[in-house]
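*Asks:* The sequence isn't on hand, but the structure is:
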């Protein structure tokens, strides 16, 4: 997952766990949750680096609208990759 693989892409590979299993492990296995959170943090860092590269490529005002769209898309992706925290049952 740290390399950018999504849960939907994992579903297509029979050698990987299903998304349902991943969510179950997130609830039941603290060590797996920690690894998952580290992988997602690495993905977010890579996307932030991509944003910095987009900003560095802007050379003129004409490039700005396209760069803004790309940055907005990358920021949206970062938001979707942020781990969802569900409350624990008492």
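*Replies:* Done, it's in. On a predicted model such as this, the values are computed, not experimentally measured, just so you know.

*Asks:* low pLDDT regions in the protein?
*Replies:* Scanning the chain for pLDDT under 70 picks out 1-2, 83-90.

*Asks:* tell me the centre residue of it?
*Replies:* In the chain, the residue lying closest to the centroid (CA atoms, centre = their mean) is residue 81, at 3.0 Å.

*Asks:* Please report the distance of that one from residue 57.
*Replies:* Distance from residue 81 to residue 57, counting by CB to CB, to the nearest Å: 23 Å. C-betas here are computed from N, CA, C, even on glycine.

*Asks:* about what we covered before: surely the residue nearest to the centre of the chain and residue 44 touch.
*Replies:* Yes: with contact defined as CB atoms under 8 Å, residue 81 reaches residue 44; the gap is 5.7 Å.

*Asks:* which phi and psi does residue 5 have?
*Replies:* Torsion angles at residue 5 (phi, psi; degrees, to the nearest 10) stand at phi -70, psi 130.
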